[in-house]
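Asks: Turn this into a model:
(2 chains)
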Amino acid sequence: MTGTLIAFFVLAAATIASGLGVILFKNAVYSALSLILTLLFLALFYLQLGAMFIAVVQILIYAGAIMVLFLFVVTMLASEEAGDVTTPDRRPWQRGIAATLGFILVGALSYLLFTNTSLDSATKASAANSLSDHVKTLGNTEAFGTALFHGFSFPFEITSLLIIVALLGAMVLGRRSLGRDGQK
Amino acid sequence: MQEIPMTWYLIVSAILFTIGVVGVLVRRNPLTVFMSIELMLNAVNLSFITFSKYLDSVDGQMFVFLVLTVAAAEVVVGLAIIVSIFRTRRNINVDELNVLRG
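Replies: Sure thing, here's the model as predicted:
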């Protein structure tokens, strides 16, 4: 049983380290690679928490598709933007204040989490829709799919609308606007 | 498996979220700011999965699934905006992007 404990600590340290890398690397390409690493570690967290389907989706969609898009844009713009160093630092106090606010935020969140974390047994799922039972009888993905298409079919349909809108928006924004003279 | 307290996962999630917040406050490159937002979304996803396990309910995983699609849409539109900003003005420092007019 200590194996899961060790795995948790190693994963937590690796996730936080790579998360720090995202904001500490000067080069945006390194930041993106560090973010990919963070997402993969989070997928391992999901595996540890028993959410197999979400872990695979995280790797495929997030670390795969979304981050490829990110890296594509980063490398497209990286040739000309040289990162944060070239522009003069006009707000030198910004870093200190941001770090202070960050410490306050993480302190407040940890305080709240450590002081009242008892889960009400009333909020737990009833035996009829207990996840562990469903997973035992149906399997992980099927339990997920059943819940998605029975309780969450309306949000699922709204999602398709959202994706269409985002697609059209990206096309409109990415189009070179042609003026009357055919040149921008 | 059940011996790891729920609080620990939530603490990791809180730390990741804070890293994202500090990144948004500190960095000037809009792409890095965007990555910090992704970090925050993922920190919240970790909380959702944790609650899904410890409340023994599938709802948390469902929310993560929906957050994932929303994040994908957000990245597509956001990156399109950044690219089109970059096309009109060569500089993409967020401190200097204080005019919405093209």
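Asks: Apart from its neighbours in sequence, what residue is nearest residue A:73?
Replies: Distances taken as CB to CB, 6 or more residues apart in numbering or on different chains put residue B:79 closest to residue A:73, at 4.8 Å, once the chain neighbours are dropped. Placement of C-beta: from N, CA and C, glycine included.
Asks: residues touching that neighbour, list them.
Replies: A:69-70, A:73, A:170, B:34 (CB atoms under 8 Å, 6 or more residues apart in numbering or on different chains).
Asks: and those residues, which of them are in helices?
Replies: A:69-70, A:73, A:170, B:34 (DSSP state H).
Asks: For residue B:79, report the pLDDT, please.
Replies: We note a pLDDT of 90 for residue B:79 in this prediction.
Asks: same check, this time on residue B:29
Replies: pLDDT recorded at residue B:29 is 85.
Asks: Point to the residue nearest the middle of chain B.
Replies: residue B:38 (2.5 Å; CA atoms, centre = their mean).
Asks: now the contacts of residue B:79 as TSV including distance to residue A:28 and neighbour count?
Replies: Below are the contacts of residue B:79 laid out as TSV (distance: CB to CB, whole Å; neighbours: other CB atoms under 10 Å in any protein chain shown):
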residue	distance to residue A:28	neighbour count
A:69	14	15
A:70	9	24
A:73	9	21
A:170	20	21
B:34	10	26
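Asks: I'd like those residues laid out as JSON lines, including pLDDT.
Replies: Output for the contacts of residue B:79, formatted as JSON lines (pLDDT from 0 to 100):
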{"residue": "A:69", "pLDDT": "90"}
{"residue": "A:70", "pLDDT": "89"}
{"residue": "A:73", "pLDDT": "89"}
{"residue": "A:170", "pLDDT": "90"}
{"residue": "B:34", "pLDDT": "90"}
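Asks: Return the member of these nearest to residue A:29.
Replies: Closest to residue A:29 out of the contacts of residue B:79 is residue A:70 (9.8 Å), distances taken as CB to CB.
Asks: Hmm, residue B:30 and the closest one touching each other?
Replies: No: under the criterion of CB atoms under 8 Å, residue A:70 makes no contact with residue B:30, lying 11.9 Å away.
Asks: Helix, strand or coil: sort out the residue lying farthest from the centre of chain B for me.
Replies: Distance from the C-alpha centroid of chain B peaks at residue B:3, with 29.1 Å (CA atoms, centre = their mean). What DSSP: H, G, I helix; E, B strand; the rest coil gives for residue B:3 is coil.
Asks: Wait, it touches residue A:5, no?
Replies: Yes: if you go by CB under 8 Å, residue B:3 and residue A:5 touch, sitting 7.0 Å apart.
Asks: For residue A:55, grab phi and psi.
Replies: Phi and psi for residue A:55, reported as degrees, to the nearest 10, are phi -60, psi -40.
Asks: and it, what is it in contact with?
Replies: Residue A:55 neighbours (CB under 8 Å, 6+ apart): A:43-44, A:46-47.
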